[in-house]
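Peer 1: here's a sequence, model it:
(2 chains)
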Amino acid sequence: MRNEKNIVFKLPDSLKEGATFSFCPGCDHGLAIRIIAELLDEMNLREKTIAVASVGCSVMLYRWINTDCVESPHGRALAVATGIKRTNKDKFVFTYQGDGDFASIGLAESMHAALRSEKVTAICINNTTYGMTGGQGGPTTIMGQVTTTSQDGRNVELHGYPIKIAEQIALCEGTIFSARGSLDSIDNIKKTKKLIKKAFEIQQKGLGFSFVEILSTCPTNWRMTPQESHERVRSELMPIYPLGIYKSEEERGKRKEE
Amino acid sequence: MQKMLTKGNYAIAQAAINAGCDGYFGYPITPQSEIGEYLSKKMPELGRTYVSAESELAAINMVLGACSTGKKAMTSSSSLAIALMQEAIGFLAADELPAIIVSVMRAGPALGYIYPSQGDYNQAVVGGSNGDYRTIVLAPSTVQECVDLTYKSFYLAQKYRNPVILLADGMLGQMMEPVEISDYPYPEVSPEYWALTGAKNREPRAIYNLEPEEEVLINRVEKLFEKYKKIEENEVDFEEYLTDDADLVVICFGSMTRNVKSAVNKCRKKGIRVGMFRPISLWPFPAKEILNLAQKTKKILVVEMNMGQMIKDVKLAVNGKISVEFYGKPVGQWLSVEEIIDKVRGET
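Peer 2: Numbers count the residues shown, from 1 in each chain, chains lettered A, B, ... in the order given. Here you go, the predicted model:
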């Protein structure tokens, strides 16, 4: 007989039972959603959460997350989140977006939500490509990276430079917390979970805008195995997009509240 | 009830407050900016939400967010900026969210100018989002109707869980008229059974429109159209004036009604048997009523401040039974009473 005491690993209540992820093998999206769900459980947020899904591989968040959820038009997740939170101050609101959604088509919405210090949390999966549409070059595609729209590698003349999202969001006056994590190792998964926890706590305390960027893999479009993909995150992405906390101003957030 | 003298834009804003609007999200554009200015002061005083959005894209999507939680939310804008909102209007229709969009028309195409015009009939009624969807469209002709139809917009949006466009124009927005602003006269419709409020003591809810399953998507669109049929059966609104014995009926909408009515009155004094008909709900369109008219009058003249937009719906309704003529111009000074009388004389 199953003894509850012996269970060391179980599905979080904030993930729908029986739902299966439809992500490609080796993709980090599932991990990211899993740790978010664990935190919603641990922080007892599930019943007051309204999640905002975006367009891209993140679009079907509502199929997996066991909370209320609304799907946003492409790039507008933080506008939708603003509308929810401003009219429902007692609810917990987070967006789950890709880098194309957050930092290309939705950059205005993202930065202005940060500048207004909306009391919501944004989580952005950065896999340096447009995954769902088949691996085109995006706002975070690194210099030299080969994609279906930068077939000779990204170069300045044709494509300009990539955006360093966590650094840029940290520059916004209203941002209370901005950090970048990764899911390439058990250690980094644990660290990223802590970053998201911090971001969620900041919203819970009503201090202002909190943001976590997560370096993630896209093995299918990178034409790599899952192992090679995580190696790429370490060797190619981390030097350009270093992990860490770019802004954490809880004290300033508190003063502003007073 | 006290009468007050106020601008159409202020009347709409105050009516939205009385209708229980929980959140207003907007971006400035002439000739509707007074709506946002008024609400930026009043809404916070009432403990309600006002947000100066960074763009119309953001504004309409903030409305989407607020509406998804069952809150009453509204934006207002004009012409080329309503064009920016089209994607989200499709989302609101597909998601069945009760959003209020006040569209105060200016002259186009594109930037055009801030002259009043009725060039956005197609934009409102046909719409510029993709796929099969409908928005309810109500067109006021006086500042008093700006109030009455704002109330009705909130009610119909809630009742049918559908976006509603209040289609005013720069003249109505900027002109002052005596108006009585009553309390909100409609019953409240509870969003309890569908709104996102947190999955407490119930299964989680999701509001979305992506649907990979073909059959499910077909069923969803068909269900939408069952709702649209109900709206067409129950919510057609129009004004009919001196049409019983009319040889010619002038059909118009919104502000154009004012000069057309005066022209009809003057023609009647001269013994010309002319009447007027105007759709108040541009969608659902009063097609049956116009077909009935076509069976008792000899000719229809459609008068619009555009190059001929509503006339297509009139012709579909008349279905070739009698001749339908057009009189209009795109921009500038409104067609005067005298110009309309001359045109009516030419047609009778």
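Peer 1: grab the nearest non-local neighbour of B:E235.
Peer 2: With sequence-adjacent residues excluded and distances taken as Cβ to Cβ, 6 or more residues apart in numbering or on different chains, B:E235 is closest to B:P284, at 5.5 Å. All C-beta spots, glycine's among them, are computed from the backbone N, C-alpha and C.
Peer 1: ok, now B:L172?
Peer 2: Closest residue to B:L172 apart from its sequence neighbours, by Cβ to Cβ, 6+ apart: B:G8 at 4.1 Å.
Peer 1: what sits closest to residue 17 if chain neighbours are left out?
Peer 2: With no chain named, the answer covers chain A. A:L11 (6.2 Å).
Peer 1: nope, chain B please
Peer 2: B:K42 (6.0 Å).
Peer 1: for residue 254, grab the count of nearby residues.
Peer 2: I'll assume chain A. 14 (other Cβ atoms under 10 Å in any protein chain shown).
Peer 1: right idea, wrong chain: chain B
Peer 2: A count of neighbours around B:G254, defined by other Cβ under 10 Å, yields 28.
Peer 1: so A:A51, which of the three states?
Peer 2: State at A:A51, reduced to three classes by DSSP: H, G, I helix; E, B strand; the rest coil: strand.
Peer 1: what helix or strand is the closest residue to it other than its chain neighbours on?
Peer 2: Nearest residue to A:A51 in three dimensions, chain neighbours excluded: A:C69, at 4.3 Å (Cβ to Cβ, 6+ apart). Using DSSP states H and E, A:C69 maps to strand A:68-71.
Peer 1: avg pLDDT for that strand?
Peer 2: For strand A:68-71, the mean pLDDT works out to 98.
Peer 1: and that strand, what does it pack against?
Peer 2: Judged by 3 or more Cβ pairs under 8 Å, 6 or more residues apart in numbering or on different chains; DSSP states H and E, the packing partners of strand A:68-71 are strand A:49-53, helix A:61-64, helix B:56-68, strand B:206-207.
Peer 1: helix or strand right after that strand?
Peer 2: helix A:77-87.
Peer 1: and the next element down the chain from that next one?
Peer 2: That would be, after helix A:77-87 and using DSSP H and E, strand A:92-98.
Peer 1: which strands or helices does that next one pack on?
Peer 2: helix A:29-42, strand A:49-53, helix A:77-87, strand A:121-126, helix A:186-204.
Peer 1: most packed of those?
Peer 2: Stretch with highest mean neighbour count among the helices and strands packed on strand A:92-98: helix A:77-87 (a mean of 31; mean count of other Cβ atoms under 10 Å in any protein chain shown).
Peer 1: for the stretch 151-300 of chain B, what lies in contact range of chain A?
Peer 2: Contact residues, the stretch 151-300 of chain B versus chain A (Cβ under 8 Å from any Cβ of the partner chain): B:196-201, B:204-210.
Peer 1: can you check the residues you listed and name whichever has the most neighbours?
Peer 2: Of these, with other Cβ under 10 Å as the count, B:L196 tops at 26 neighbours.
Peer 1: which residues are in contact with it?
Peer 2: A:I50, A:D68, A:C69, A:V70, A:I84, B:S68, B:T69, B:G70, B:R205, B:I207 (Cβ atoms under 8 Å, 6 or more residues apart in numbering or on different chains).
Peer 1: would you say B:V179 is within a strand?
Peer 2: Yes. Per three-state DSSP, B:V179 lies within a strand segment.
Peer 1: write out the residues of the stretch 51-200 of chain A neighbouring chain B.
Peer 2: So the stretch 51-200 of chain A meets chain B at A:52-53, A:59-60, A:62, A:65-73, A:75-76, A:79-88, A:91-92, A:108-109, A:112, A:116 (Cβ under 8 Å from any Cβ).
Peer 1: recalculate using a threshold of 7 Å.
Peer 2: By Cβ under 7 Å from any Cβ of the partner chain, the residues of the stretch 51-200 of chain A that approach chain B are A:59-60, A:62, A:66-73, A:76, A:79-84, A:86-88, A:91, A:108-109, A:112.
Peer 1: the closest residue to A:N88 other than its chain neighbours and B:I340, how far apart?
Peer 2: Sequence neighbours aside, B:T69 is the residue nearest to A:N88 in space, at 5.2 Å (criterion: Cβ to Cβ, 6+ apart). Separation of B:T69 from B:I340 (Cβ to Cβ, to the nearest Å): 47 Å.
Peer 1: is it correct that A:S210 falls within a strand?
Peer 2: Yes. Counting by three-state DSSP, A:S210 falls inside a strand.
Peer 1: just for the stretch 1-150 of chain A, where's the confidence low?
Peer 2: The stretch 1-150 of chain A contains residues with pLDDT under 70 at A:1-3.
Peer 1: B:E222: neighbour count?
Peer 2: 10.
Peer 1: what's the domain layout of chain B?
Peer 2: Chain B breaks down into these domains under automatic domain parsing: B:3-198+B:223-234, B:238-347.
Peer 1: closest one of the residues of the stretch 151-300 of chain B next to chain A to B:Y184?
Peer 2: In terms of Cβ to Cβ, no member of these lies closer to B:Y184 than B:T197, at 22.7 Å.
Peer 1: related to what we said a few turns ago, which ones are touching the residue nearest to B:L172?
Peer 2: B:V143, B:C146, B:A168, B:L172, B:G173, B:Q174, B:M175 (Cβ atoms under 7 Å, 6 or more residues apart in numbering or on different chains).
Peer 1: mind redoing it with 10 Å?
Peer 2: Counting by Cβ atoms under 10 Å, 6 or more residues apart in numbering or on different chains, B:G8 makes contact with B:31-32, B:34-35, B:104, B:140, B:142-147, B:168-177, B:179, B:255.
Peer 1: likewise for B:I272?
Peer 2: B:A246, B:D247, B:L248, B:A263, B:V264, B:K266, B:I341, B:V344, B:R345, B:E347, B:T348.
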